[in-house]
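Peer 1: can't give you the sequence, but here's the structure:
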Ligand code: O2Y
Ligand code: MN
């Protein structure tokens, strides 16, 4: 047991949490491998964790069926004024929310251990790194945080006596009575779950869920929701973006930051293996980018995370060979199926279904079973260092300079394969109106169209209209050093459901056009919605894309775009007078161009 620590504010906060939550024990995490192995061994003996005979140092967890994904309906941005949270966030006044949650936290860790996890988002020593401290009663969370962040004594050392940290309180919300047997995946009922953010205080309180984004508080809660609000105040950017380095045959490096809504193949793109001869890619991050304007006036980026929390279903040697090689060993799997020989399996793994498996609920499963063997939001947690495509610069404390922003979404129709913005304001408009058809990564209807501005709809910790304004301001500050902005859509389909574009590694052909545009090597056609490649501008050597598919992928359907306008106006209308005039101007300009290009 550790004595009082140097940072008095931290000690005092932990003391307050302990007095409120009343754990049986308090344990300060040191971040060592021995600690990880000890906790994992405890969870194996309790039955919560299943060691995988076929994958070295790898384990399978099964969550409670009610606790399988981020819960947007129970996620709150608690600012003093509701207007500051904006229309896209759930809001409860801080006093009221704290009163309710204090009632829930009271005694909630009885029968459990409170683990204190000092963690760093960003490489320790980076001017951009931020320290958080999560107190949790879930050893599963501790092991995941070991992988997803930098944890332990080295963080406390960096914090020192006076350093600043963001307090993150988490409980599964399932106190144990004396002698009461624990659940394999303890959690609280949906109506008691709260994923709460107090951005003005850099404070996070999460209660009732042990899953992913609800519980690993460094990720979506700190590195996106609270960090985005902080970035707005402090003049930097916290974005839901992968970071990718593309290297041309001549050795020119291009750094791309790309925003896609959940379940649009972001991890696949982050780990892309280009199919164009001579082009290479390195992964710097698959989910979050923190960016700031450097001394040279350019935009620099780090990945604040240390691991990948990727969706397993659909990950295969065809869709993402790099991820498959990354998860060969030393992985935490959650809600995958268990094969009889002690491995994991999921739908879309690219290998035949086992004749028998145990599904994510712990039930016998055989092919033909109506329910999937793995939950659609089943996950792997794995250190970034294990990724064979990881960039040697992924932990560079200075970051990498961003050349290009790419926005995307999953749209079966209307939105072309790739579009380049006319200028920064138009690029902000493309980001602000980005939309996608929903999938299983979030609880709610599957297949519905939703506007997901900058892929930040679930993650923006303040009024989204002010966030748009922040993007405009950053562009003003960056001037001619601003990254160029593009929009892509890999998901176009024919009416019969056939994909128009092969996707995966072939997406490098679109990225090559983007890089060529940045360096002025290739032409584009000006259309009503932006610059598009002509069919002959895309390097399609070695890939069979029928000419009529390509024509459709690059066609601007003026009538369909006119139909989008009312929905864009509705979307912008929710922000009222807070929406920047420059975005109203963009809608009007688009309408005019659509009229002129008739
Ligand atoms: O459902 C969850 O808790 C995880 S969601 C997630 C995980 C990793 C990366 N991105 C996401 C997301 O929803 O954007
Ligand atoms: Mn994400």
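Peer 2: Structure received. Just so you know, these numbers come straight off a predicted model, no measurement behind them. Ligands and ions are numbered 1, 2, ... in the order given.
Peer 1: Report the beta-bridge partners for the residue in the stretch 301-450 of the chain that ligand 1 sits nearest to.
Peer 2: Of all residues in the stretch 301-450 of the chain, the one sitting closest to ligand 1 is residue 309 (4.3 Å; CB to the nearest ligand atom). For glycine as for every other residue, the C-beta is placed from the backbone atoms N, C-alpha and C. Legend: beta-bridge partners of residue 309 under DSSP bridges are residue 381.
Peer 1: so who does it touch?
Peer 2: By CB atoms under 8 Å, 6 or more residues apart in numbering, the contact list for residue 309 reads 144, 148, 212, 216, 219, 287, 379, 380, 381.
Peer 1: Then residue 331?
Peer 2: If you count contacts by CB under 8 Å, 6+ apart, residue 331 has them with 55, 57, 58, 59, 380, 381, 382.
Peer 1: Show the model's pLDDT score for it.
Peer 2: For residue 331, the pLDDT comes out at 98.
Peer 1: List phi and psi for it.
Peer 2: phi -130, psi 140 (degrees, to the nearest 10).
Peer 1: Quick check: the gap between it and residue 352.
Peer 2: 21 Å (CB to CB, to the nearest Å).
Peer 1: try residue 312
Peer 2: Taking CB to CB as the measure, residue 312 falls 17 Å from residue 352.
Peer 1: In terms of neighbours, single out the busier of these two.
Peer 2: Legend: neighbour count by other CB atoms under 10 Å for residue 312 and residue 352, higher for residue 312 (26 against 8).
Peer 1: So that one is in contact with residue 333, correct?
Peer 2: Yes. With contacts defined as CB atoms under 8 Å, residue 312 counts as touching residue 333 at a distance of 6.8 Å.
Peer 1: Quick check: neighbours shared by those two?
Peer 2: 344, 378, 379, 380.
Peer 1: Tell me how far the closest residue to ligand 1 within the chain lies from residue 382.
Peer 2: The chain approaches ligand 1 most closely through residue 212 (2.4 Å), counting by CB to the nearest ligand atom. For residue 212, the distance to residue 382 (CB to CB) stands at 14 Å.
Peer 1: again, but for residue 228
Peer 2: 26 Å.
Peer 1: same check, this time on residue 207
Peer 2: The value you get for residue 207 to residue 382, if CB to CB is used, is 27 Å.
Peer 1: residue contacts, the residue nearest to residue 285 when sequence neighbours are not counted?
Peer 2: With CB to CB, 6 or more residues apart in numbering as the criterion, residue 285 has its nearest non-adjacent residue at 2.8 Å, and that residue is residue 303. Residues near residue 303 by CB under 8 Å, 6+ apart: 122, 243, 284, 285, 288, 289, 290, 384, 394.
Peer 1: Could you list the low-pLDDT ranges of the stretch 1-150 of the chain?
Peer 2: The model of the stretch 1-150 of the chain has pLDDT under 70 over residues 1-3.
Peer 1: Show me which residues of it sit near ligand 1.
Peer 2: 69, 70 (CB under 6 Å from any ligand atom).
Peer 1: from memory residue 512 sits against residue 540, does it?
Peer 2: No. Taking contacts as CB under 8 Å, residue 512 lies outside contact range of residue 540: 10.4 Å.
Peer 1: Neighbour count: these two, which is higher?
Peer 2: The residue with more neighbours, out of residue 512 and residue 540, is residue 512; 20 against 15, by other CB under 10 Å.
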